[in-house]
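# Quick check, what structure comes out for this input:
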Amino acid sequence: RGRAKGASAKEGEGRAGGSMSTAPAPLVAVVTVSDRASKGVYEDLSGPQVQAVLKEYIQTECTYELKCIPDEQELIESTIKEFSEKKGCALIVTTGGTGPALRDVTPEAIDRVCAKLLPGFGEEMRRASLAEGVPTAILSRQTAGICGSSLVVTLPGKPAAVRTCLNAVFPAIPYCIDLIGGPRIDGNEEVIKVFRPKKK
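Here you go, the predicted structure:
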């Protein structure tokens with residue numbers, strides 16, 4: 001069951017006593033896609049795990065919002081569009097619904113709402129899982145895409161796979177957000193190395 005977390009952006013006070021507005025913290029959305037977790041049959045562990053790993057990897061102070069929804073394609077689509085178009089998320093990460101089962105429709109939703117797909121994300125995540133000795137990684141259809149000015153990344157639903165997959169693709173995430181017009185997000189260099197081309 002997702003719960004919104006993270007402080008909203010605040011206005012700072014100028015030295016002369018007047019108010020001085022500051023840029024809002026980038027918004028990161030984490031969407032758990034699960035019929036049973038959304039109904040409370042079991043606790044959503046994947047969404048909080050995604051948020052925890054992202055907080056480790058991201059040095060920039062961000063606002064995080066968690067949401068848990070059932071495996072309904074139209075609802076997945078509308079949720080992603082809401083986070084992108086209405087809330088202006090820099091990064092939207094989904095977890096769940098990427099397998100071959102009948103109710104697994106997250107990739108289909110991504111295909112409908114994203115103007116461009118980034119299949120390299122899924123390829124690298126599957127490669128990383130296979131390298132860890134998970135042969136069923138080839139059944140996972142996770143991917144990524146661009147919806148408006150938001151980067152959308154889909155992860156598997158198992159909490160144990162979250163760090164493996166994010167570790168594989170996060171080095172490219174901040175620069176991708178740069179390229180699509182999103183806010184600058186810096187990685188925590190003590191935890192993970194982020195790639196940005198050197199300026200000439």
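# Please enumerate the helices of the chain.
Counting by DSSP state H, the chain has helices at residues 35-39, 46-57, 73-81, 106-113, 119-131, 159-169, 173-179.
# Nearest to residue 25, out of these?
helix 46-57 (12.5 Å; CB to CB). Heads up, the C-betas are built off the backbone N, CA and C, glycines and all.
# center of this structure, which residue is that?
residue 93 (2.0 Å; CA atoms, centre = their mean).
# List the contacts of that residue.
Taking CB atoms under 8 Å, 6 or more residues apart in numbering, we find residue 93 in contact with 28, 29, 30, 31, 50, 54, 152, 153, 154, 155.
# ok, and the closest non-adjacent residue to the fifth one?
Spelled out, it's residue 50. residue 30 (4.7 Å; CB to CB, 6 or more residues apart in numbering).
# Contacts only, for that neighbour.
Neighbour list for residue 30: 2, 47, 50, 51, 54, 64, 65, 66, 67, 93, 94, 95 [criterion: CB under 8 Å, 6+ apart].
# show me where pLDDT drops low in the chain?
Applying pLDDT under 70 to the chain picks out residues 1-21, 200.
# Distance check, the nearest residue to residue 109 once chain neighbours are set aside against residue 187.
Nearest residue to residue 109, sequence neighbours excluded (CB to CB, 6+ apart): residue 76, at 3.8 Å. Relative to residue 187, residue 76 is positioned 28 Å away (CB to CB, to the nearest Å).
# List the residues that contact the closest residue in space to residue 175 that isn't next to it in sequence.
Spatially, and ignoring its direct neighbours in sequence, residue 175 is nearest to residue 196 (4.9 Å; CB to CB, 6+ apart). For residue 196, the contact set (CB under 8 Å, 6+ apart) comprises 174, 175, 178.
# among the residues you listed, which ones are buried?
Applying 16 or more other CB atoms under 10 Å to these, the neighbour count classes residue 174 as buried.
# so residue 183 touches residue 61, yeah?
No - applying CB atoms under 8 Å, one finds residue 183 not in contact with residue 61, separated by 11.2 Å.
# of the two, who's got more company?
More crowded of residue 183 and residue 61, by other CB atoms under 10 Å: residue 183, with 18 against 11.
# quick one, what contacts that one?
Under the criterion of CB under 8 Å, 6+ apart, the neighbours of residue 183 are 23, 26, 60, 90, 177.
# just the contacts of residue 30 now: which is nearest residue 141?
Nearest to residue 141 among those: residue 94, at 12.0 Å, using CB to CB.
# hey, what's the closest one bridged with?
Residues in a beta bridge with residue 94, per DSSP bridges, are residue 31, residue 154.
# sorry, back to before: adding distance to residue 148, write the helices of the chain out as JSON lines.
Shown next, in JSON lines, are these (distance: least, CB to CB, whole Å):
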{"stretch": "helix 35-39", "distance to residue 148": "25"}
{"stretch": "helix 46-57", "distance to residue 148": "20"}
{"stretch": "helix 73-81", "distance to residue 148": "8"}
{"stretch": "helix 106-113", "distance to residue 148": "9"}
{"stretch": "helix 119-131", "distance to residue 148": "18"}
{"stretch": "helix 159-169", "distance to residue 148": "20"}
{"stretch": "helix 173-179", "distance to residue 148": "12"}
